[in-house]
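Trainee: structure, please.
(4 chains)
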Number of protein chains: 2
Amino acid sequence: MKNKKSIKIENIHPGLSVDCVLFGFDNNELKILLLKLKSIEKWALPGGFVEKDKDVSEGTNSVLKERIGLENIFLKQFYLFGNVSRNENSHTKLLIEHKIISEDLREWFQQRFVTVGYYALVEYSKVKETTVDFISESCEWHSINELPEMILDHKKIILKAHQTLKKELNSEPIGLNLLPKQFTMPELQALYETVLEKKLDRRNFSRKMLNYRILIATNQRRAGVRHKAPKLYEFDEIKYNQAILDGFNSVW
Amino acid sequence: MKNKKSIKIENIHPGLSVDCVLFGFDNNELKILLLKLKSIEKWALPGGFVEKDKDVSEGTNSVLKERIGLENIFLKQFYLFGNVSRNENSHTKLLIEHKIISEDLREWFQQRFVTVGYYALVEYSKVKETTVDFISESCEWHSINELPEMILDHKKIILKAHQTLKKELNSEPIGLNLLPKQFTMPELQALYETVLEKKLDRRNFSRKMLNYRILIATNQRRAGVRHKAPKLYEFDEIKYNQAILDGFNSVW
DNA sequence: TTATATTTGTGTCATATTAACACAATGACA
DNA sequence: TGTCATTGTGTTAATATGACACAAATATAA
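Mentor: This is a model prediction of the structure:
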C-alpha cells in the first residue's frame, strides 16, 4: 500500500473534485474500477481533489496513478456535474463519526462541491494491482451491468460516461486503448457491441472494419479454441489516429 | 439599463465561473455576443459566478437573461477549462486601479478560477437589446471570423465552442435554435456551411435534408429577391427531436 | 416590352455503402 | 472419423453519395 497523503486544505481548490470512470474490457464486458468505502456499504468512483497550482487534468492523472500505478492512460473530460442536489453530507458525517476524517475537516468536506467527470480507458490486463485511498477499504473492477450501491450521483456519472463512450466510439481511439496489442475480429466486435449495447451482424462488421484500413492482419491465429482459430489483428495506430482526425464516417 | 447587483462573496461558489458563447446567425455568418470591458481595450464572453445554492446551469441561464433579456434559450455545457495557466491577474489589477471593483475584493478576484464553458443558441432577430454587466461598457455581436482582442483564454473557449458545434450539428437541434421559424433551403445550407466551414453541393444538400423528413415545406416563398423566389420551410419539431434521439445518420 | 443576370428547383448517372442473407473451412473433442 | 461451434468470405438488392446539367423564376437593365 502506498503512503497516504494527508490533505492540505489550504493547497486544494475549494468546492471542486474530480471523479474518474476507468473503463476496462474483460470477458466481453465493460468493467469499471470502483472503491469500497470504509464507513458504509457503498462504493465510489476513484476521485480526488485538485491542487491550486495544478491543472484539473493533472489531478485526474494523479488519481489514476495512485489507484492502478499506471501513467499515460487515455483520459478524457466529459462533463461537469454541478447540480446543488448532488451534495449530501450523510457520508461525511459517518466518516467523521468513524474518525476516518478529523472533526476540523468537517466544514471543508461539507461545503458544496461540483465534480468534473473524466473517463479513462485502460487495457484491462495491464492493471496488475490496485491501491485504495484513505477513505476506502478495497478497490475492484465491477461489470457496468452489475453495479453495486454507490454514493451520491456516481451511478449517474457512470451512465453519462457510458453514453459519452457510445457517442465517441468513432471519434476517439476507444478500441485502441481498451484492447490488447493483438486481438481477433470477434473480440473487436464484442467490444463494439458492449459499448453500443446492441448486436451487430458479424459479416457486415468485419467488412466495414476492414474497409476503414486501420487494422493490420498478422499471420498468427488465436490457438486453443475448440473451433476455427480466428486471425489476430493489430491496430495501425497512425492510420487509426488519422481516421479519427478525418472522421471515420463524416456525415457532411 | 438594469440594476447592477453587487457580488456577495460569501454566497458565491469559490474559484468557479461560467462563460457563455452565445451564437446567433445573421447575414450568413455565425455571430457571438461579446462584452467590451471598462478598463482595457479587450472584450470578454458574457459570464458570471455560481451561487452556492444554485445549479451551475442556473448560473449560466441568469447570465443570458441579464444580457439579452431572454429565457429558455438552448444552452449546453461543453467543457471545463481548468488549466492553471488560464489565470492571469493583470485585468483584476486594472479593475481595482480604476475603482471598478473595490480593493477588498482583490484577493477573491485573484484566486485561481476554473470556468465552465456553455454554448447557447438564439434566433438572432429575437435579441432586441443587450445590457452590460458592472465591469463592461458595451455588449455587441461580433462575427466569429473577426473577433477583437479578448481577455484570458476566451478566444480559445470560442474556438472549442465552435468545434463542439461542428461535432454536434447532427446530434443537437442547432438549426432549429439558430434559424427563425421560417427559412429557405439556401439559408439552411448557409448555416451548415458556416458551422462546418466548408462548401456543400446545393443539390445534394437539399436532397439529403429533405430525406431526413424533418422539414415542412410551406406553400409560401421568400419574395423581394431579384431572382427566383425560394420556398419557405419550417422544422417539424417533433420529427427533428426524434431524429436527434435516433441519430440522424448513425454509423453503427 | 424584352433581354439579362442570378439563383432556385429538380433530375441523372455512376459509384459506394448498407442490410440481409448462405455456405464452406477450421479445429478441439468425442 | 464425425460432430459442433465458430470463423472467413461471398452474393444480392436497396439505399446513399458525389459529381454533374438544365429548365424555371424574377428584379433590373436595356
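
Trainee: close to chain B: what parts of the stretch 101-250 of chain A are there?
Mentor: Taking CB under 8 Å from any CB of the partner chain as the measure of proximity, the stretch 101-250 of chain A contacts chain B at A:112, A:114, A:116, A:167, A:169-171, A:192, A:196, A:198, A:200, A:248-249. Where you see a C-beta, it was placed from the backbone N, CA and C, and this is true even at glycine.

Trainee: now a ChimeraX select for only the buried ones of those residues.
Mentor: With 16 or more other CB atoms under 10 Å in any protein chain shown as the burial test, the buried ones among these are selected in ChimeraX as follows:
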select /A:112,114,116,169,170,192
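
Trainee: all the strands of chain A, residue numbers only.
Mentor: In chain A, the segments counted as strands under DSSP state E are A:12-26, A:29-37, A:43-44, A:47-51, A:74-81, A:114-121, A:136-143, A:183-184, A:215-221, A:231-235.

Trainee: just want the angle from the fourth one to strand A:114-121.
Mentor: Right, strand A:47-51. For strand A:47-51 against strand A:114-121, the angle by axes from the mean of the first three to the mean of the last three CA atoms, to 10 degrees is 120 degrees.

Trainee: what of the fifth one?
Mentor: Using the same axes, to 10 degrees, the direction of strand A:74-81 lies 150 degrees away from that of strand A:114-121.

Trainee: so which elements touch strand A:74-81?
Mentor: helix A:56-68, strand A:114-121, helix A:154-167, strand B:74-81 (3 or more CB pairs under 8 Å, 6 or more residues apart in numbering or on different chains; DSSP states H and E).

Trainee: to DNA strand D, which of these lies closest?
Mentor: helix A:154-167 (18.5 Å; CB to the nearest atom of the strand).

Trainee: right, so the helices and strands packed on strand A:74-81: which one is the most enclosed?
Mentor: Across those, the average number of neighbours (mean count of other CB atoms under 10 Å in any protein chain shown) peaks for strand A:114-121, which reaches a mean of 24.

Trainee: helices or strands up against that one?
Mentor: When contacts are defined as 3+ CB pairs under 8 Å, 6+ apart, strand A:114-121 sits against strand A:12-26, helix A:56-68, strand A:74-81, helix A:154-167, helix A:174-178.

Trainee: who touches that strand?
Mentor: Contact with strand A:114-121 is made by A:15-23, A:47, A:56-57, A:60, A:64, A:73-82, A:86, A:157, A:160-161, A:164-165, A:174, A:177-178, B:13, B:16, B:56, B:80, B:82, as judged by CB atoms under 8 Å, 6 or more residues apart in numbering or on different chains.

Trainee: try stretch A:125-139
Mentor: By CB under 8 Å, 6+ apart, stretch A:125-139 touches A:1-2, A:4, A:24, A:26, A:33-39, A:44, A:46, A:48, A:66-70, A:95, A:100-101, A:140-141, A:180.

Trainee: so for it, what's the average pLDDT?
Mentor: Confidence over stretch A:125-139, taken as the mean pLDDT, stands at 93.

Trainee: please state the offset of it from the chain centre?
Mentor: In terms of CA atoms, centre = their mean, to the nearest Å, the gap separating the centre of stretch A:125-139 from the centre of its chain is 14 Å.

Trainee: can you tell me if stretch A:17-27 touches DNA strand D.
Mentor: No: where contact is defined by CB under 7 Å from any atom of the strand, no part of stretch A:17-27 touches DNA strand D; the two come within 14.0 Å at best.

Trainee: give the buried residues for that stretch.
Mentor: Counting neighbours by 16+ other CB under 10 Å, the buried set in stretch A:17-27 is A:17-25.

Trainee: let's see that stretch as CSV, backbone CA atoms only.
Mentor: Listed in CSV are the C-alpha atoms of stretch A:17-27, where the atom choice follows Å, rounded to 0.1, in the frame of the first residue of the first chain:
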residue,chain,number,x,y,z
SER,A,17,-13.4,17.4,-7.1
VAL,A,18,-12.7,15.1,-10.0
ASP,A,19,-14.2,11.6,-10.5
CYS,A,20,-12.8,9.1,-12.9
VAL,A,21,-14.8,6.4,-14.7
LEU,A,22,-12.0,4.0,-15.6
PHE,A,23,-13.1,1.5,-18.2
GLY,A,24,-11.6,-1.9,-18.9
PHE,A,25,-12.7,-4.6,-21.2
ASP,A,26,-12.6,-8.2,-19.9
ASN,A,27,-14.6,-11.3,-20.6
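
Trainee: cool, thanks, talk later.
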